[in-house]
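# sharing a model prediction with you, sequence too.
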Amino acid sequence: MLDRLSVPRRPLDFEDYIDILRRNVGWLIAPAFLGLVVSLVVAYSMEDTYVSQALIRIVPQQISEKLVQSYTAQDIADRINSMAQSIQSRNVLTNLINTYGLYKAELKKEPLTDVIDKMKDAMAIYPVPGVTNVAGASLPAMGVSFKYRDPDTAQKVCQELVSRFLNVSTQDTLENQMLTNKFLEDEVTSAKRDLEIAEQKLADYRTKNAGRLPDETAINLQQMNALEQRYGSLSEAMSRNSEQKMMLEDELRMANDRMAAVKAASPEIVAYNQRISQLDKDIETAKNNVAELKQRYHEDYPGLQDAEQQVSFLEKQRADLAKSKPTKTDASVDDPSIAGARLDGKEQIDRIKTQLKANSMEAQRIMKEMAGVNAAIKSYQARLESGPTSEKEYVDLMRDRELAKQQYEDLELKRQKSELSMNLERRKQGESLELLDPATKPDTPSAPKRAKIIPIGAFAGLALGLVIVAIREVKDTSLKNLKDARLYTQLQILGSIPLLENDVVVQRRKQVMWVSWATATVLGIAIMAGSVAHYYLSKA
């Protein structure tokens, strides 16, 4: 027995595809026709849905908001959402269902809650990008639609929804304005009563403490604080004066020492003293710089720290120079350099004494001014101590009166603006809703889309037929033609013998096939015609 061989199938050419189509044409036409029949029956069995639409324009305030400002708790978008929720409430929808006899068949099979949810789905409130008016301006608008199986009912319900929107908008806006105005009037009355009570308390206090009111207490406190600050600045000036006096006395002592040394000094000593004198001058300059920086800056200022380090450095140089004092040698008393050093020393001593005298005069002036400031402070303290002991009560009464007055004025201003806004709404000149396009009566149903459903069903049946043909061809491994015989047998084909069948059997088979196709076609056409006829008869 020969082993079973696995031979790959040959690639199909155009003639093979034609042959496959010829052999399986029935398997393509039958599913496509079946899909056409099913889709048509389904399309005409579905209930028509008509959509009625209306357009509402949002009209802005007729008077400029710079003149009259609208005082509403919500803007127009929030108000529309609130109105939509109010209209879609259970009570309103139940009233509409009962008034217009909606969803009678559904009410027999479903609970009321499900029917209300279905009606909510049938309603649509959507924004419109903008409606252009004659002037070319774009105003915001909104659309309202309702879909139902009867066009007249859909139009009536849509008109009712639009009417409710317009009524609720006008009524709610005016009610909100009136509630706001009433609230502000109550608040103004309460604030006015509080102001009258505060003013009466203040008047009683002034009558009771006539002649001893602490109206000048604040001024006295300010004056006393200013005097205390002045006294503090004078104390600081006195401290600086004392420091300057100590520095001048040190300089005078050093100048006297240098003068005593110059009287019998040699040229080396004179030069030494001149260096000492120069260092003393540098130290004095550096100390004066430190004193000025201390008056202007804090202790942690970098420039002040550098100046103090410079003073320490110069003092160290002078101390080192004092340790290396030169020896005294014989010199002429009339040496010009010694005479010049004596003259400079005398001038320096005179200058320091003059500064000490000026320092002493400044100290006397500061002490005198400090005494006057201290006396003035005591005078103001005596005034404050002689005042009434209930000063805090007076200040509290004044503050309460001012707060009550401010609150009353603010509320009165808000009440006046609210009243203007309410009058604006009463005259219907505020922001409102306006019917732009009334509810339309739909001529054609919006659903179902039969023109799309029927072709889709036919194409779906054709696709099913293609799948069936592909499966049949894959499972069929028989030899179809001479090409298959040559490839799979690897033999030379010398000739072919046609299939011989009984003519009667062949004729009978063809008759059965044509009868079956005719019956199926007629039945399908009858079903489709019946579905279409039932649709139009039910509408009539």
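Received the coordinates, thanks.
# and the strands in this protein?
Under the criterion DSSP state E, strands of the chain are mapped to 50-59, 123-132, 138-148, 432-437.
# what lines up beside the longest one in the sheet?
Right, the one you point to is strand 138-148. strand 50-59 (antiparallel), strand 123-132 (antiparallel) (DSSP bridges).
# can you tell me which of those strands is most buried?
strand 50-59 (a mean of 21; mean count of other C-beta atoms under 10 Å). Using the backbone N, CA and C atoms, a C-beta is placed for each residue, glycine as well.
# what does that strand rub up against?
In this structure, residues lying in contact with strand 50-59 by C-beta atoms under 8 Å, 6 or more residues apart in numbering are 76, 128, 131, 139-151, 154-155, 157-159, 161-162, 165-166, 431-442, 445-446.
# any quick ChimeraX command for the buried ones out of those residues?
The following ChimeraX line selects those of the contacts of strand 50-59 that are buried, judged by 16 or more other C-beta atoms under 10 Å:
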select :76,131,140,141,142,144,145,146,147,148,150,151,154,155,157,158,159,161,162,165,166,431,432,433,435,436,439,440,442,445
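# low-confidence ranges in the stretch 101-250 of the chain?
129-139, 169-177, 209-218, 220 (pLDDT under 70).
# and if you look at the stretch 401-540 of the chain?
Using pLDDT under 70, the flagged stretches of the stretch 401-540 of the chain are 421-432, 477-491, 493-506, 540.
# for it, which segments count as helices?
Counting by DSSP state H, counting those that start in this stretch, the stretch 401-540 of the chain has these helices, from start to end: 450-475, 482-489, 503-539.
# let me have those helices in CSV, extended by mean neighbour count.
CSV is the format used below for the helices of the stretch 401-540 of the chain (neighbours: other C-beta atoms under 10 Å):
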stretch, mean neighbour count
helix 450-475, 15
helix 482-489, 14
helix 503-539, 11
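# who's in contact with Ala520?
30, 33.
# any idea how far Lys346 is from it?
Note on Ala520: its distance to Lys346, by C-beta to C-beta, to the nearest Å, is 148 Å.
# equivalent analysis for Met238, please.
Counting by C-beta to C-beta - Met238 and Lys346 are separated by 31 Å.
# domain-wise, how is this structure divided?
14-46+449-539, 50-187+415-437, 217-387 (automatic domain parsing).
# pull the distance from the last one to the chain's centre.
Distance of domain 217-387 from its chain centroid, counting by C-alpha atoms, centre = their mean, to the nearest Å, is 65 Å.
# tally of neighbours for Leu93?
19 (other C-beta atoms under 10 Å).
# then the one 3 residues further on?
The number of residues packed near Leu96 is 20, by other C-beta under 10 Å.
# got the contact list for it?
With C-beta under 8 Å, 6+ apart, Leu96 has these contacts: 102, 119, 157, 160.
# ok, the residues you listed vs Met246, which is closest?
Met119 (102.2 Å; C-beta to C-beta).
# and the gap between that closest one and Thr94?
9 Å.
# who has more neighbours, those two?
Met119 (20 against 14).
# list the contacts for that one?
93, 96-97, 102-103.
# just to revisit the earlier point, ok, which of the strands of the chain comes nearest Glu199?
The minimum distance between Glu199 and these falls on strand 432-437, with 43.8 Å, by C-beta to C-beta.
# starting at the chain centroid, how far to the closest one?
On the basis of C-alpha atoms, centre = their mean, strand 432-437 sits 32 Å off its chain's mean C-alpha point.
# which strands and helices lie in contact with that strand?
strand 50-59, helix 151-208 (3 or more C-beta pairs under 8 Å, 6 or more residues apart in numbering; DSSP states H and E).
# 10 Å - rerun?
Counting contacts by 3 or more C-beta pairs under 10 Å, 6 or more residues apart in numbering; DSSP states H and E, strand 432-437 packs against strand 50-59, helix 76-87, strand 123-132, strand 138-148, helix 151-208.
# the stretch 251-400 of the chain: helices as residue ranges?
Using DSSP H, counting those that start in this stretch, helices in the stretch 251-400 of the chain cover 267-296, 302-323, 336-385, 391-426.
# would you turn these into a markdown table with mean neighbour count and distance to Lys201?
As requested, these are exported to a markdown table (neighbours: other C-beta atoms under 10 Å; distance: least, C-beta to C-beta, whole Å):
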| stretch | mean neighbour count | distance to Lys201 |
| --- | --- | --- |
| helix 267-296 | 16 | 51 |
| helix 302-323 | 13 | 57 |
| helix 336-385 | 14 | 24 |
| helix 391-426 | 16 | 6 |
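# nearest to Asn24, of those helices?
Of all the helices of the stretch 251-400 of the chain, helix 391-426 comes closest under C-beta to C-beta, at 76.9 Å.
# now the closest one against helix 336-385, angle please.
70 degrees (axes from the mean of the first three to the mean of the last three C-alpha atoms, to 10 degrees).
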